[in-house]
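> Task: produce atomic coordinates for the following.
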Amino acid sequence: MSLDLSFLCEEFPELQLSALHRGGGVTAYQLWLPSFQDGREFKWAELRLPKGFPEYGKAFIQLSPDSVLRIPHLDRAGVLCIEGDPGPGLGYSPEDRIKFVLHGYMEQFLKPWLNGDLDGDFENEALNYWAIEVAKSRSNTDAVRGVWTVDSPPTKARVRSGLLLIPNRVIIAADEKLRITNRLVQSMGPAAKQRVRVLVADIPISHAFTPSTWPRSMSDLERILQGRLPSGEYSRLQHSRSRRGRGIYRVVLLRNTEVAFAYLLPGGPPTVLDVYRGKKASPSLHKPLPLMTSRLDPDWTVGRDQHPEISGRQAKHVLVLGCGALGSPVVDHIAKAGVGRISVVDADTMSSANIGRHLLGADSIGQNKVDAIAQRINSAYPATEVTPYAMSTADWLKKNTLVDVDVVIDLTGEPDVRVQIEQVRLSYPRPLLIGWMEPYVAAAHACMLAAGHKWLKGAQDPLSCLEAVVWPNEVIRQEPGCSSRFQSYTAAAAEHAVALVAECALEMIDNSVAVTFDSTVRSWVRGQRFLDKHWPGLTHKEWAKAACVHDGLILNRQFP
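Residues are numbered from 1 along each chain as shown. Modelled structure (predicted):
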């Protein structure tokens with residue numbers, strides 16, 4: 001579509017738009033530039049309309065290459081990142097969309113830049129610009145592609161050991177003896193088949209680096225290393241250097257709790273990479289290679305530094321009995337929430353009947369559920385270690401105790417298991433959560449018992465008394481060909497139960513050090529319309545009638 005932009009001359013006379021060229025499907029219009037003060041100039045600015053505009057794509061402003069990493073709010077190609085063209089489909093005319101772009105260029109960028117109002121923005125978005133610097137320096141045959149950290153920045157500069165994982169080409173900047181390091185290495189699978197020792201100069205910094213302040217040369221880094229490291233540590237790093245491939249890889253890591261910058265130093269042995277027919281890659285002998293860093297410590301991966309309780313969860317050991325349709329996603333959720341150790345007990349194997357409502361899928365049919373779940377979670381969440389026990393609860397209790405267990409979670413729905421756990425808790429009082437779902441997930445329950453509070457009332461199991469709906473026997477179906485019985489429901493309906501039980505489990509885990517707490521039953525109960533849809537004549541028990549008029553209602557009761 002050809003556009004006549006002369007209508008803009010009156011509204012934006014200072015821009016003096018003139019068509020420049022057409023190439024690659026892009027129409028460009030050169031923008032007039034003002035008189036610059038020293039240090040604020042750039043060679044050109046263009047309004048660009050991509051191929052297909054206005055039906056497809058958005059108009060944008062692009063600045064000359066000399067502006068990149070010298071002027072804020074530009075991406076690697078020099079495209080200005082401002083609010084502008086709202087895009088097609090929102091009812092704006094092409095002319096109005098272009099006005100939005102030009103107005104944003106003038107008011108959000110050009111005037112503030114000329115006035116010095118954007119000078120602090122590099123530090124506010126430091127890692128965005130560092131990513132541009134890393135991308136400019138990267139090649140397919142770099143010996144290292146990135147650095148992962150798994151712990152907090154040090155209070156004092158130090159040299160520490162790290163691991164380079166090949167063929168992944170990622171350095172884990174941590175001691176191999178740390179449990180989270182081992183879990184992370186194991187989770188990498190084939191990507192960690194070769195491990196190479198590296199040295200990491202771990203330097204705390206007080207402020208984020210910007211393009212005008214980050215180190216650019218070996219001499220810049222040497223000044224930092226020599227000034228910050230103890231003399232012995234500095235000598236250790238220097239003596240590992242080699243110009244003939246006999247040394248080891250050396251990395252400088254500059255970080256605080258918010259930002260991190262890393263460099264691979266010159267020297268180090270060659271590495272055979274699986275690119276270009278096994279090409280060898282060696283660090284440069286002349287200049288450092290900038291690297292992106294990623295935090296994989298639990299405070300960041302689990303809670304984005306917003307949840308102080310995660311450090312406490314890392315020290316907890318939770319025993320989960322049952323990893324079926326309710327247990328498997330609950331284990332997944334508490335692992336994602338940062339619980340350090342989870343032991344899972346279940347003797348069942350994955351079958352085709354489980355696929356529609358289980359964490360696992362068809363690729364796990366015939367496997368022990370606990371083994372497949374442990375493999376999945378240990379590979380995905382290095383902050384958590386899941387230990388599988390493919391056996392019955394009775395067998396597990398014969399071989400183990402609750403001495404190092406903080407919380408017990410029973411999601412089996414089996415009366416025998418509840419009796420067995422009750423007996424063991426007499427000798428090892430531990431908080432106990434019993435979770436279960438009613439048919440169709442018309443209701444779900446999480447009974448949270450304090451360490452000294454019993455579940456059984458003499459010989460009576462109170463589970464059925466705590467349920468919300470009066471169920472006829474016909475609701476429970478018999479599985480053909482065996483003695484197993486099952487309840488019919490969808491995985492979508494079960495998500496309500498999973499969320500309820502997982503949140504209650506985390507509440508107990510976070511409060512497990514408390515000597516006492518009120519034992520309660522928390523229930524998610526669906527309304528009468530849901531009951532009528534699934535089975536005629538169903539009614540709520542008296543305590544649950546408040547849910548009748550709702551789609552769903554959470555009710556809390558004191559455990560009797």
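> Run a quick neighbour tally on the closest residue to G189 other than its chain neighbours.
Among residues not flanking G189 along the chain, S379 sits closest, at 6.8 Å (C-beta to C-beta, 6 or more residues apart in numbering). The way it works is simple: take the backbone N, C-alpha and C, and place the C-beta from them, glycine included. For S379, the neighbour count with other C-beta atoms under 10 Å is 13.
> would you list every one of the helices in the stretch 351-500 of the chain?
Secondary structure of the stretch 351-500 of the chain, counting by DSSP state H, counting those that start in this stretch: helices at 369-380, 393-399, 415-427, 491-510.
> Reformat these into a markdown table and put mean pLDDT and distance to G57 next to each item.
Formatted as a markdown table, the entries for the helices of the stretch 351-500 of the chain read as follows, by pLDDT from 0 to 100; distance: least, C-beta to C-beta, whole Å:
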| stretch | mean pLDDT | distance to G57 |
| --- | --- | --- |
| helix 369-380 | 94 | 37 |
| helix 393-399 | 97 | 60 |
| helix 415-427 | 95 | 60 |
| helix 491-510 | 94 | 37 |
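> still on that earlier bit, contact partners for the residue nearest to G189?
Under the criterion of C-beta atoms under 8 Å, 6 or more residues apart in numbering, the contact list for S379 reads 186-187, 189.
> Narrow these to those in helices?
186-187 (DSSP state H).
> So what touches stretch 419-435?
Applying C-beta under 8 Å, 6+ apart, the set of residues contacting stretch 419-435 is 321, 326, 330, 393-394, 397, 401-403, 405-411, 418, 444-452, 454-456, 461, 463, 497, 500-501, 504-505, 508, 512, 517.
> In CSV, list the C-alpha atoms belonging to that stretch.
Taking Å, rounded to 0.1, in the frame of the first residue of the first chain, the C-alpha atoms of stretch 419-435 are listed here in CSV:
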residue,chain,number,x,y,z
VAL,A,419,-4.3,-47.0,59.7
GLN,A,420,-0.6,-47.8,59.1
ILE,A,421,0.4,-44.2,59.2
GLU,A,422,-1.6,-43.7,62.4
GLN,A,423,0.3,-46.4,64.1
VAL,A,424,3.7,-45.0,63.1
ARG,A,425,2.8,-41.5,64.2
LEU,A,426,2.3,-42.7,67.7
SER,A,427,6.1,-43.2,67.9
TYR,A,428,7.1,-40.4,65.5
PRO,A,429,4.5,-37.6,65.8
ARG,A,430,4.5,-35.7,62.5
PRO,A,431,2.0,-33.3,60.9
LEU,A,432,-0.2,-35.3,58.5
LEU,A,433,-2.2,-34.2,55.5
ILE,A,434,-4.9,-36.5,54.2
GLY,A,435,-6.2,-35.5,50.8
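> Enumerate the positions of it that are buried.
420-422, 424-425, 430-435 (16 or more other C-beta atoms under 10 Å).
> How about stretch 164-181?
By neighbour count, with 16+ other C-beta under 10 Å as the criterion, the buried positions of stretch 164-181 are 164-166, 168-174, 180-181.
> and if you look at stretch 490-498?
Buried residues in stretch 490-498, defined by neighbour count with 16+ other C-beta under 10 Å: 493-494, 496-498.
> contacting residues around Q306?
The contact partners of Q306, by C-beta under 8 Å, 6+ apart, come to none.
> Repeat that for E467.
Applying C-beta under 8 Å, 6+ apart, the residues near E467 are 438, 443, 445, 541.
> Next, count neighbours for the third one.
Pointing back at H445 there. One way to gauge burial is a neighbour count; for H445, by other C-beta under 10 Å, it gives 24.
> can you pull the contacts of the closest residue to F209 other than its chain neighbours?
In space, and not counting its chain neighbours, F209 is closest to F261: 5.6 Å by C-beta to C-beta, 6+ apart. Taking C-beta under 8 Å, 6+ apart as the criterion, F261 is in contact with 130, 209, 214, 253-255, 290, 293.
> Which of those sits closest to E309?
Each of these was checked against E309 using C-beta to C-beta; the closest is R255, at 23.9 Å.
> Need the pLDDT of the nearest residue to the closest one once chain neighbours are set aside.
Residue nearest to R255 in three dimensions, not counting chain neighbours: P153, with 4.8 Å by C-beta to C-beta, 6+ apart. The score at P153 is 94. That number is its pLDDT.
> can you list the domains in the chain?
Per the record's domain assignment (automatic domain parsing), the chain is made up of the domains 5-119, 126-296, 310-558.
> As TSV, those domains with distance to G303 would be great.
Output for those, formatted as TSV (distance: least, C-beta to C-beta, whole Å):
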stretch	distance to G303
domain 5-119	28
domain 126-296	12
domain 310-558	5
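> The stretch 151-300 of the chain: strands as residue ranges?
Listed in chain order, the strands of the stretch 151-300 of the chain (DSSP state E, counting those that start in this stretch) span residues 158-166, 170-172, 194-204, 249-255, 260-264, 271-272, 280-281, 289-295.
> ok, G116 to P72 distance?
Applying C-beta to C-beta, to the nearest Å, one obtains 12 Å for the distance of G116 from P72.
> quick one, which of the two is more surrounded?
Summary of the neighbour comparison: G116 and P72, criterion other C-beta under 10 Å, with P72 having more neighbours (23 against 10).
> so the more buried one sits in a strand?
No - with DSSP: H, G, I helix; E, B strand; the rest coil as the criterion, P72 is assigned coil and is not in a strand.
> That one is in contact with E123, isn't it?
No - look at P72 against E123 with C-beta atoms under 8 Å: they stay out of range, at 9.5 Å.
> what residues are up against G413?
322, 326, 436-437.
> Could you do F517 as well?
F517 sits in contact with 431, 448, 450, 511, where contact means C-beta under 8 Å, 6+ apart.
> if you look at those, which of them are in strands?
When strands are assigned by DSSP state E, the members of these inside them are M448.
> which element is L33 on?
Assigning secondary structure by DSSP states H and E places L33 outside every helix and strand.
> In contact with the closest residue to it other than its chain neighbours, which residues?
Taking C-beta to C-beta, 6+ apart as the measure, L33 lies nearest to A45, with 6.5 Å between them; neighbours along the chain are not counted. A45 is in contact with 30-31, 33, 61-64, 105, counting by C-beta under 8 Å, 6+ apart.
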